[in-house]
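*Asks:* Provided below are the primary sequence and the corresponding predicted coordinates.
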Amino acid sequence: MKNLFLSIVAVFTVSSCTTLSNVSKIGSKQVSIANTQWTLAETVKGKTPTLIIENNKLSGNAGCNNYFGTLMLDTTAGNFSASGIGATKMACENMETENNFLSMLQEANKYVVSGNTLELYKNNLLLMKLNKL
């Protein structure tokens, strides 16, 4: 019984440490994501949203419309701030994906890079994951 209890505690301890590993990276120094291209990691109906970062600008396709805006990055604290986002105005079948993507992009204030994955956060809340193209 004692061994079973210790095994369960060990499993929870290890799983909680792996879950918190990226959370502990929020607000810490990150690699630069300037001049990179990303695609949404989640499978969505229709065209998958993309994020292109060039200098202090961002652009891409939000699932239907092309978008553009300004991006402020601070690699020393992993700060991410998108502003002035505009987009073309085509109407598509599934606008929910696009609206959610653009909304989360504007809400993001932190980023974490782990290998070929970019995670955007609002404080400690994970908003989206993107894969490097």
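*Replies:* In hand now; what should we look at?
*Asks:* read off the pLDDT value for residue 25.
*Replies:* The per-residue pLDDT reported for residue 25 equals 89.
*Asks:* over to residue 55?
*Replies:* Looking at residue 55, its pLDDT stands at 89.
*Asks:* residue 65 versus that one, what's the distance?
*Replies:* With distances defined as Cβ to Cβ, to the nearest Å, the gap from residue 55 to residue 65 amounts to 22 Å. C-beta here means a position set from N, CA and C on the backbone, and glycine is covered the same way.
*Asks:* more neighbours: which of the two?
*Replies:* In this comparison of residue 55 against residue 65, neighbours counted by other Cβ atoms under 10 Å, the higher total goes to residue 65 at 17 against 9.
*Asks:* the strands in this structure, which residues?
*Replies:* For the chain, strands defined by DSSP state E occupy the ranges 36-40, 50-54, 57-61, 66-74, 79-87, 110-114, 117-122, 125-132.
*Asks:* okay, the ones you listed in CSV with mean neighbour count and distance to residue 24 next?
*Replies:* Output for the strands of the chain, formatted as CSV (neighbours: other Cβ atoms under 10 Å; distance: least, Cβ to Cβ, whole Å):
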stretch, mean neighbour count, distance to residue 24
strand 36-40, 19, 22
strand 50-54, 19, 24
strand 57-61, 19, 26
strand 66-74, 16, 18
strand 79-87, 16, 17
strand 110-114, 20, 10
strand 117-122, 20, 12
strand 125-132, 17, 13
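*Asks:* for residue 29, which of those strands is the nearest?
*Replies:* With distances scored as Cβ to Cβ, the stretch of the strands of the chain nearest to residue 29 is strand 66-74 (9.7 Å).
*Asks:* what's the average pLDDT for the closest one?
*Replies:* 98.
*Asks:* contacts for it?
*Replies:* Residues from elsewhere that reach strand 66-74, judged by Cβ atoms under 8 Å, 6 or more residues apart in numbering: 32-34, 53, 56-61, 79-88, 102, 111.
*Asks:* note down every partner strand of it and its orientation.
*Replies:* For strand 66-74, sheet partners with direction are given as strand 57-61 (antiparallel), strand 79-87 (antiparallel), following DSSP bridges.
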